[in-house]
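Asker: A predicted structure for the sequence below; I have some questions about it.
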Amino acid sequence: MIDGQSFKQVGQVTQGGIVCVADHASNYVPDDVLLGVSAELLDLHIAIDIGVSGVAEQMAQQHGIPAHLAQVSRLVVDLHREEDHPGVVPMESDGHLVPGNAGADINSRLNKFYRPYHSALEQWLDAATPKLILSLHSFTPKLATSDEDRPWDVALLYNEDDRAARHAIRLFSDLGLRVGDNEPYSGRQLNATMNRHAEAHGRYYCAIEVRQDLIGTAADQARWATMIADVARRVALTLD
């Protein structure tokens, strides 16, 4: 982590512009958090949204869309869950047990990582007054615990407010992509960060999921950063 923070912010905020939030951008596990999982698992989707950090940093550096990025693994604390969600400190993920989290001091993890992350995000968004928030995630083509393929290239998730998502679905579809509508899971069940920081304040947002095998290289991340930035700007132009 940078200076012990559970987040970092990249790029220059322009008031009324577009910003990006990535809750699962890191697989970092502090030395004093003993998860009891092998190092290899920390490179998988259970620990990090693969490719997201690269896409977000490209958007910040090349396309003027600043980013608020997590700097701690979702296996330490899941920043994209409510504080009282049973999986905020996960006991297992996609068939892999996380034995070190059994009996963990959840409130300590919330105080050290979760609450500073969301407090900083709240202040950042209040200062930015963004026209559009991009919540950026990636998903695996197939879960280890399922035989079902996840064929979408990109997907838009939302809970009650689909105003921006509807435009983005159309624009990504126009690019010839296979676009999921509240897939591979529904934003009506899992939308914690945007529920808190967007819907609760009436802010427009697009919760974007990109299939991780499409953003695994630096070149792919640059390409998707350009594509997402273009779609986001076109969405923003349609909003009141």
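Answerer: Yep, that arrived.
Asker: so where's the protein uncertain?
Answerer: Scanning the chain for pLDDT under 70 picks out the ranges 1-2, 144.
Asker: can you give me the strands in it?
Answerer: 7-10, 18-22, 67-70, 92-93, 96-97, 132-139, 154-157, 179-181, 205-211 (DSSP state E).
Asker: just put those strands in TSV and tack on mean neighbour count.
Answerer: Heads up, the C-betas are built off the backbone N, CA and C, glycines and all. Below are the strands of the chain laid out as TSV (neighbours: other CB atoms under 10 Å):
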stretch	mean neighbour count
strand 7-10	20
strand 18-22	27
strand 67-70	26
strand 92-93	18
strand 96-97	15
strand 132-139	25
strand 154-157	26
strand 179-181	19
strand 205-211	26
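Asker: would you confirm that residue 10 contacts residue 62?
Answerer: No. Counting by CB atoms under 8 Å, residue 62 is not a contact partner of residue 10; they are 11.4 Å apart.
Asker: longest helix of the protein?
Answerer: Counting by DSSP state H, the longest helix found in the chain is helix 218-238.
Asker: pull the distance from that one to the chain's centre.
Answerer: 15 Å (CA atoms, centre = their mean, to the nearest Å).
Asker: likewise for stretch 130-146?
Answerer: 6 Å.
Asker: tell me what angle the longest helix of the chain forms with strand 132-139.
Answerer: Angle of helix 218-238 versus strand 132-139, following axes from the mean of the first three to the mean of the last three CA atoms, to 10 degrees, is 140 degrees.
Asker: can you list the buried residues in helix 218-238?
Answerer: 220-222, 224-225, 227-229, 231-233, 235-236 (16 or more other CB atoms under 10 Å).
Asker: any idea which of those is closest to residue 52?
Answerer: Using CB to CB, residue 221 is the member of the buried residues of helix 218-238 that sits closest to residue 52, with 8.8 Å.
Asker: contacts only, for the residue nearest to the closest one when sequence neighbours are not counted.
Answerer: Once flanking residues are discounted, residue 221 sits nearest to residue 54: 3.6 Å by CB to CB, 6 or more residues apart in numbering. Residue 54 is in contact with 215, 218, 221, 225, counting by CB atoms under 8 Å, 6 or more residues apart in numbering.
Asker: 7 Å instead, please
Answerer: Shown in contact with residue 54 (CB atoms under 7 Å, 6 or more residues apart in numbering): 215, 218, 221.
Asker: pick the one among these closest to residue 43.
Answerer: Among these, and counting by CB to CB, the member closest to residue 43 is residue 215, at 14.7 Å.
Asker: contacts only, for that closest one.
Answerer: 51, 54, 55, 138, 221, 224.
Asker: for these, which one is nearest residue 174?
Answerer: Taking these together and measuring to residue 174 by CB to CB, the closest member is residue 224, at 16.0 Å.
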